[in-house]
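> for reference, the sequence and a predicted model appear below.
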Amino acid sequence: MPKPSPAAGRLFVANRGEIALRAIRAAHALGMEAVLGVSVADKGSLGAAEADRTVVLGPAAARDSYLNAGLIVHAAVATGCTALHPGYGFLSERAELAELCAKEGVTFVGPSADSIRRVGDKLSARAMAKAAGVPMTSGSDAIDDVAHALRIAEQIGYPVITKASAGGGGRGMVVAHSPADLEREFDQAVTTAREAFGDGTLFIERYVQIARHIEVQVVGDGKGGVVHFGERDCSIQRRYQKMIEEAPGAILPEPVRRRLHQAAVTLLGSIGYKNAGTVEFLYDVEREEFFFMEVNARIQVEHPVSEAITGTDLIQTQIKLATGAIEGLNQADVSTKGHAIEARIIAEDPKRDFMPAPGRITRWAPPVGPGIRVDSAMQDGTLVPPYYDSMIAKLIVHGETRDAAVDLLIKALDSFVVEGIATNIPLLKFIAAHEDFRGNRINTRWLETVLLPAFRAQLG
Amino acid sequence: MSSISTQDIEAIVDQFQRGDWREMHLRIGDVELFLSKDGNARLPERGASAPIAPAAAIAAPVAVAPVASSGHGAAAPASAAPVGAVPPGWVQIRAPSLGTFYRAPKPGAPKFVEVGAAVTPESDLCLIEVMKLFTTLRSGVSGTVREVYVQDGELVEFDQPLFLIQPNA
């Protein structure tokens, strides 16, 4: 590894946890220095220890530290940083941060503010996808009121799902199997969306009953050139939060896979997308059809499974593209090998209805071995603070086949030791050992409707 | 400053920051205040009325800490006075926010306080600037300034000690 020097530039890392550590290490690998902005709660973090300099942005509350774009960009400029990596979550998809960076002459490692806005609003993203000829579920534009919703639902056919135009994560989503369902739930969905995103605009789509969540990792050069790094299957979700992700999506017939990649590339190419992004699709298993869902204008939590099968460091690629160290990528240089699975290790107690379980980790012994990777900023004695997301690690396994990867996942989970706090590892083990998971017979509702009842039953 | 206090101005700035107004131009007696969310905005040309300190400060160029020279530790904090033990009863004034630390209301103006200066709770000690928005930090205690830990124009972090004050007995 080259010795970090200011000549190669200096990266400001505007995040925390494992992704902050990842960005710091990527900067160092590229010869850059790294400055980490932390909240008071993260002064003692592993990222703070590895960064060349750490600045305290503000108090523990994210609103006053990790979510304050002004503070972050001020700190980046004042510490002489030439580029800024936003990670995922926090401000990563706020156009405001990209814009402030541009204004202050700091290279934002991500898409342009304009792209973030265009894909961030779901209705505008849908229009974009439609224009690019990407398959969509039949759906509506903005819905005015419940009467309008009922008329649209009648045209589309039940079941339908409402979605918030301004954001995701399940808020504003209601599945209606009948007009009565829709009438009962619509106003509440508007209220939920307005409270969560400051905008209660909803639209309606046909609801696909047996669906897979399949997404395509892409990287754009900002000039219309877009390369994909294959797809991921992220169907194991609880309350729209992903828990296990795989690459490739083994369920896909090869012709569908090729069309899926092409759709993602065409869509982001059509707006001259720059840097890493993900196009999410719903895959209708019965009809073997996929439908556009949304674009995530950032690196995602689950990107390591794509790294595993393509042998590419996506974080370094992001930085190299943003800083101009490389001009673009070549699809011919991307090939995939084997099967990778990621399990999110979360500090929450599955025995107590997934209550967050912050606290001090008294023993941290992640699994090691060929084909096993753990991305984490935890150590013996780390305090998991109660203020932020409760994901504490990502376990990534890579095998020659899906079967081999599942075997490795079971083995790795068995030897993963975390003491001092509760984690979801017991649940992950239960999933990994389940015959539906082994047989790849799952869908986006499987965890909640099949697995969790069985898991609770064995808890007694 | 005549009919309007720094507290009043801070309250106005605060309201302005929270609201969706993009620009505000206010004149109260001989005080003229120009606020803008556009860093490049300038007070419209008009007579001889000199803008008061906060407006001047808003228009002041942002001091950018130099990119440190060389070596792995280059990004380490610039030399600040070491923060030693605090004698019992003395008070450390800490940064309420991350930002750039200014000891004077505008470039070239006399510093708010020097070591040895007597201060009251209302005394202004420094400005903290975040993205061209300036906050005045007051002493909060009566006493004597015994130490200034930070150099003018340096980045200070949240909660970083800035001044040491020996309160009046």
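Here it is on my side, so go on. The structure presented is a predicted model; accordingly, all values stated were derived computationally and were not measured.

> quick one, domains of chain A?
Listed by automatic domain parsing, the domain ranges of chain A are A:6-109, A:138-206, A:211-459.

> next SSE downstream of the host helix or strand of A:A263?
For A:A263, the element it lies in under DSSP states H and E is helix A:254-269. Downstream of helix A:254-269, the first helix or strand assigned by DSSP H and E is strand A:274-284.

> tell me the mean pLDDT over that following strand?
Mean pLDDT, strand A:274-284: 97.

> now that strand against helix A:254-269, angle please.
140 degrees (axes from the mean of the first three to the mean of the last three CA atoms, to 10 degrees).

> please, where are all the strands along the stretch 101-250 of chain A?
A:107-108, A:160-164, A:174-176, A:202-206, A:211-221, A:226-238, A:241-247 (DSSP state E, counting those that start in this stretch).

> in CSV, list these along with mean neighbour count and distance to A:A263.
The way it works is simple: take the backbone N, C-alpha and C, and place the C-beta from them, glycine included. Shown next, in CSV, are these (neighbours: other CB atoms under 10 Å in any protein chain shown; distance: least, CB to CB, whole Å):
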stretch, mean neighbour count, distance to A:A263
strand A:107-108, 22, 26
strand A:160-164, 25, 19
strand A:174-176, 20, 25
strand A:202-206, 23, 17
strand A:211-221, 24, 8
strand A:226-238, 23, 10
strand A:241-247, 23, 17
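
> and chain B, which of these is closest to it?
Within these, the stretch nearest chain B is strand A:107-108; the backing value is 14.3 Å (CB to the nearest CB).

> who does that closest one touch, helix- and strand-wise?
Packing partners of strand A:107-108 (3 or more CB pairs under 8 Å, 6 or more residues apart in numbering or on different chains; DSSP states H and E): strand A:83-85, helix A:95-104, helix A:314-323.

> out of those, deepest packed?
strand A:83-85 (a mean of 26; mean count of other CB atoms under 10 Å in any protein chain shown).

> for it, give me every contacting residue.
Residues outside strand A:83-85 that contact it (CB atoms under 8 Å, 6 or more residues apart in numbering or on different chains) are A:9-15, A:23, A:26-27, A:32, A:72-73, A:76, A:97, A:101, A:106-110, A:315, A:318-319, A:322-323.

> that strand - what's its average pLDDT?
98.

> do the same with stretch A:395-412
Averaged across stretch A:395-412, pLDDT comes to 98.

> buried stuff in it?
When burial is assessed from 16 or more other CB atoms under 10 Å in any protein chain shown, stretch A:395-412 yields the following buried residues: A:395-399, A:402, A:405-412.

> same thing with stretch A:19-39?
Buried, per 16+ other CB under 10 Å, within stretch A:19-39: A:19-28, A:30-39.

> does that stretch come close to chain B?
Yes. Residues of stretch A:19-39 are located near chain B by CB under 8 Å from any CB of the partner chain, namely A:33, A:35.

> report the distance from that stretch to the chain centre.
19 Å (CA atoms, centre = their mean, to the nearest Å).

> name the nearest residue to residue 133, sequence neighbours excluded.
Picking chain A for this. Distances taken as CB to CB, 6 or more residues apart in numbering or on different chains put A:T266 closest to A:G133, at 7.0 Å, once the chain neighbours are dropped.

> wrong chain, I was asking about chain B
Closest residue to B:L133 apart from its sequence neighbours, by CB to CB, 6+ apart: B:Q17 at 6.7 Å.

> now the element after the helix or strand containing that neighbour, going C-ward?
Assigned by DSSP H and E, B:Q17 falls within helix B:6-18. Counting by DSSP H and E, the element after helix B:6-18 in chain order, helix or strand, is strand B:23-28.

> next SSE downstream of that following strand?
Where DSSP H and E defines the elements, the next helix or strand beyond strand B:23-28 is strand B:31-36.

> export that following strand to PDB, keeping only CA atoms.
Extracted in PDB, the C-alpha atoms of strand B:31-36 (Å, rounded to 0.1, in the frame of the first residue of the first chain):
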ATOM      1  CA  VAL B  31     -27.600  49.800  11.900                       C
ATOM      2  CA  GLU B  32     -28.000  48.100   8.600                       C
ATOM      3  CA  LEU B  33     -28.200  44.300   8.400                       C
ATOM      4  CA  PHE B  34     -28.000  42.300   5.200                       C
ATOM      5  CA  LEU B  35     -28.500  38.600   5.300                       C
ATOM      6  CA  SER B  36     -28.400  36.200   2.400                       C
END
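
> OK, contacts around A:R171?
Here A:R171 is in contact with A:164, A:192-193, A:195-197 (CB under 8 Å, 6+ apart).

> strands of chain B, start to end?
Using DSSP state E, the strands of chain B run over B:23-28, B:31-36, B:91-94, B:99-102, B:118-119, B:124-130, B:133-138, B:143-148, B:155-156, B:161-167.

> CA atoms only for the helix holding B:Q17 - export them in CSV, please.
Coordinates of each C-alpha in helix B:6-18 appear next as CSV, following Å, rounded to 0.1, in the frame of the first residue of the first chain:
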residue,chain,number,x,y,z
THR,B,6,-26.2,41.6,19.4
GLN,B,7,-28.8,39.3,21.0
ASP,B,8,-31.5,40.9,18.8
ILE,B,9,-29.3,40.4,15.7
GLU,B,10,-28.7,36.8,16.7
ALA,B,11,-32.4,36.2,17.1
ILE,B,12,-33.0,37.7,13.6
VAL,B,13,-30.3,35.6,12.1
ASP,B,14,-31.7,32.6,13.7
GLN,B,15,-35.2,33.2,12.4
PHE,B,16,-33.8,33.9,9.0
GLN,B,17,-31.8,30.7,9.0
ARG,B,18,-34.9,28.7,9.9
